[in-house]
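# Build me a structure from this.
(2 chains)
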Amino acid sequence: MNDHTPKTGIKRRTLIVGLGALAASPLAAPAIAQKRYDDGASDSEIKIGNIMPYSGNASAYAAIGRTSEALCKMVNDAGGINGRKLTFITYDDGYSPPKAVEMVRKLVEEDKVLLVFNPLGTPSNTAIQRYLNTRKVPQLFVATGASKWGNPRQFPWTMGWQPDYATEGAIYAKHILQTNPNPKIGVLMQNDDYGKDYFNGFKAALGKEKEGSIVQLSTYEVTDPTVDSQMIQLKNSGAEFFFNITTPKFAAQAIKKAAEIAWKPVHYLNNVSSSFGSVLKPAGIENAQGIILALYRKDANDPQWANSPDILAWKAFMAKYMPNADIRDDGHNFGFSCCSTLIEVLKKAGDNLTRENVMKQAASLQNFEAPLLLPGIKINTSATDFYPIQSVQLAKVEGESFKLFGNVLSNETA
Amino acid sequence: MTAISSASPAAPDRTADFTRYALYGLLLLAAALPFIGGKTGLVSNFTFLQLSLMIVYAIAVLGLNLLTGFNGQISLGHGAFFAVGAYVASILMDRWEINYLLTLPIAALFCFVVGYLFGLPALRLEGHYLALATFALAIAVPQMLKYKHLEPLTNGVMGINLVKPDAPFGLPLSGDQWMYLVVLVVAVIMFWFARNLLDSRPGRAMRAIRDHTMAADTMGINTAQFKAITFGISALYTGVAGALHAIIFEFVSPDSFRFELSIAILVGAVVGGVASLGGAVIGGIFVQVIEKYADAATKKLTAAVHLPIELEPWTLYGIALIVLIYVMPTGIAGGLAQLAARVRKRMAAPS
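Down below sits the predicted model:
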């Protein structure tokens, strides 16, 4: 066949055109595969910004930021992402919204980060959301489960990560109604968007008819020293079910106080405080037996997962990169799992490290199994679905382990 | 003999002139900064925000100075007036879409009335008791902002998000640069007014009350009225600072105005120098720079010097304060004035 080609003019022309294209291709190639960067990205570096409460009332979460920082170090030691080293810049916002605004502005305008990753807390994220969206800076995988983070139409630069609070609240309400059609429920709630989100989801799932079964709603401010008086109030209300919407420090206080005053309701604890290390241990494991919570991640210290590969990888990481950390603190698991999702997104973004492409990649994750998620729970996003994780499973505290029961429950609404 | 007598009155005039021209020069430079530093990219928008914050805190500290330094009343609660000013401006902008510049006089008037009314009963309180009453105010205001029935206005704990105004008339300035200029102009007006007030008859009366209330009373000064009005003016200053803070920060929430803010303003006043206008400027810088970054500075120091112990976040701040109070008991402004006087004496001595 080959010897025929030079004889036909058309074929020759094709050949010439083909050759021409081939000759031109070295010139064209850079245009096609051109590397594209926004602030914070270059041939050698990707800058990630983060704010975290390292001080103040919510400093129990500090482990999350430290773990993400350490994980970036591990990625760098292994050669970085597509040859680029990660620079993780993290500041203390003390869980204070005004400080969060100042620190995020510093990250964007002075440090010139590519994106703001995993800022923690509903109030802080609310404070910075409008700023980041008007400047078109990704506010990626925020560390709060408020249901408002998955709203790409209004806030296309903001994305959540964990299951949203309203859904989780609804799952508890349904479980209560399954066990007792006429319950008497007491609720302890942090008085902010986070608390209200849980509570509204919970109330909506009880339905108009059963709303009255909430016999006592007690609230506290994040600046309060204790929730002791609220617990006494709840006990006196005669509630048999207790929905505990609190952050770690207050969750530990509430569990301890309930034991002290010998109040023994069926205790539902929000996932925000599902940590042996920072909640159940300080509260006393014996006081925490039987507590029900919804999980989407493995507790890495739970004996039932001792041999699963992601747990082993996590343990090796902790031993090498955070040797002095308290490995019982669930913040290390959360940070590892969440930051792994970011790394997946950055890998997929390839050489196109614009803010727009980062958001596009974050919004096209398909069945991504982030390490430490429970079996059967996967990350899925799309241009209209900014809720990466939408499944949970109920579990009961038994000994020093979370005993899973029932099926993986998914959000039916989105 | 004649030469000396004619020169001696002229000498202070010349230094006063020099100070005045230096001040004008400095102000001109400050006003030109967005056009020079901003355009060349030497000064980032974030830096302009920080400069604006310094000026805002300087106005707040000046408010407390008028009360504490020049009238002798102690307040531990000026953060409350700061909060009231900030919320008045935010609510007006957010709910009624009133122009941000218009919110300033409204916030000023509102805070004057609140301060005056608070000052009236507080008159009967002296020293410690007044300090305690104002302390209570600082504790109560953030809680009141969270009050359920005020929520339609204040948005409760979640606060209010604002949008920073852009530069008008198509000026080639960013929002931060423009607001920096606005804040600067407002500060100049307020400092100028404070200076003139202090030089006037009422100003002298204010100081007379501070120095000896009973003597002032016998001189025919209505001390009660003066004290209440001074409280009102002081609240007005701090309230305007709060309003400016809300506008440049684009955000208010009850947690922005915790009790620590009142203490920060007081510390700024004392560190700068309570009975001095220049001290207010130094105090403002101190509040923004030292206080906000004490934590980071401590960490950097620990890392740089390889200290064997882990310093707590506020250690450096505490040490700095103790040293300052011992070395410059009249504040940095007072200390600098003393230093200048000593240098002048030393230079004058040989001749």
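# From B:Met328, how far out is the residue of the stretch 1-150 of chain B at minimum distance from chain A?
Per C-beta to the nearest C-beta, B:Phe46 is where the stretch 1-150 of chain B lies closest to chain A, at 3.8 Å. For the C-beta atoms, the positions are set from N, CA and C on the backbone; glycine is no exception. Taking C-beta to C-beta, to the nearest Å as the measure, B:Phe46 falls 31 Å from B:Met328.
# same deal with A:Ser382?
When A:Ser382 is compared with B:Met328 (using C-beta to C-beta), they lie 62 Å apart.
# Tell me, how many residues neighbour the residue nearest to the residue of the stretch 1-150 of chain B closest to chain A when sequence neighbours are not counted?
Setting aside the residues directly before and after it, B:Phe46 is nearest to A:Glu109 in space (C-beta to C-beta, 6 or more residues apart in numbering or on different chains), at 3.8 Å. Per other C-beta atoms under 10 Å in any protein chain shown, the neighbour tally for A:Glu109 reads 18.
# Over to A:Ser59?
With other C-beta under 10 Å as criterion, A:Ser59 counts 16.
# List the contacts of it.
Contact analysis of A:Ser59 by C-beta atoms under 8 Å, 6 or more residues apart in numbering or on different chains lists A:Pro53, A:Tyr95.
# Got phi/psi on it?
Main-chain torsions, A:Ser59, degrees, to the nearest 10: phi -70, psi -10.
# before we move on, what about B:Phe118?
Dihedral angles (degrees, to the nearest 10) for B:Phe118: phi -70, psi -40.
# quick one: it and B:Leu137 touch, right?
Yes - if you go by C-beta atoms under 8 Å, B:Phe118 and B:Leu137 touch, sitting 6.8 Å apart.
# Give the residue spans of chain B that score low on pLDDT.
B:1-16, B:38, B:122-123, B:291-292, B:295-296, B:307-313, B:350-351 (pLDDT under 70).
# Please enumerate the strands of it.
Ranges of strands in chain B, per DSSP state E, are B:160-161, B:251-252.
# quick one: the first one near chain A?
Yes - counting by C-beta under 8 Å from any C-beta of the partner chain, contacts between strand B:160-161 and chain A involve B:Asn161.
# what's in contact with that strand?
Contacts for strand B:160-161 (C-beta under 8 Å, 6+ apart): A:Thr126, A:Ala127, A:Gln129, A:Arg130, B:Ser90, B:Ile91, B:Asp94, B:Thr154, B:Glu250, B:Phe251, B:Val252, B:Ser253.
# tell me which of these is nearest to B:Val163?
Using C-beta to C-beta, B:Glu250 comes nearest to B:Val163 of these, at 6.4 Å.
# That closest one contacts A:Tyr131, doesn't it?
Yes - taking C-beta under 8 Å as the contact criterion, B:Glu250 and A:Tyr131 are neighbours in contact, 6.8 Å apart.
# Between the two, which contacts overlap?
Here B:Glu250 and A:Tyr131 have A:Val101 as joint contacts, going by C-beta under 8 Å, 6+ apart.
# what's the single longest strand in chain A?
Chain A, longest strand under DSSP E: strand A:401-410.
# pLDDT of that strand, averaged?
For strand A:401-410, the per-residue pLDDT values average out at 88.
# Stretch A:265-285 now?
91.
# In CSV, list the C-alpha atoms belonging to that stretch.
Extracted in CSV, the C-alpha atoms of stretch A:265-285 (Å, rounded to 0.1, in the frame of the first residue of the first chain):
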residue,chain,number,x,y,z
PRO,A,265,-33.2,10.0,78.3
VAL,A,266,-32.6,8.4,75.0
HIS,A,267,-29.7,10.7,74.0
TYR,A,268,-29.2,11.8,70.3
LEU,A,269,-25.9,13.6,69.8
ASN,A,270,-25.2,15.6,66.7
ASN,A,271,-22.4,14.4,64.4
VAL,A,272,-20.5,17.6,65.1
SER,A,273,-19.5,16.1,68.4
SER,A,274,-19.1,12.5,67.4
SER,A,275,-15.6,12.2,68.8
PHE,A,276,-14.3,9.8,71.4
GLY,A,277,-11.1,11.9,71.9
SER,A,278,-12.6,15.3,72.3
VAL,A,279,-16.1,14.6,73.6
LEU,A,280,-16.9,11.1,74.9
LYS,A,281,-13.7,10.6,76.8
PRO,A,282,-13.7,13.9,78.6
ALA,A,283,-17.3,13.4,79.4
GLY,A,284,-16.6,9.9,80.7
ILE,A,285,-17.1,6.8,78.5
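# buried ones in it?
Of the residues in stretch A:265-285, A:265-283 count as buried by neighbour count, 16 or more other C-beta atoms under 10 Å in any protein chain shown.
# before we move on, what about stretch A:72-87?
Buried, per 16+ other C-beta under 10 Å, within stretch A:72-87: A:Cys72, A:Lys73, A:Met74, A:Val75, A:Gly80, A:Ile81, A:Arg84, A:Lys85, A:Leu86, A:Thr87.
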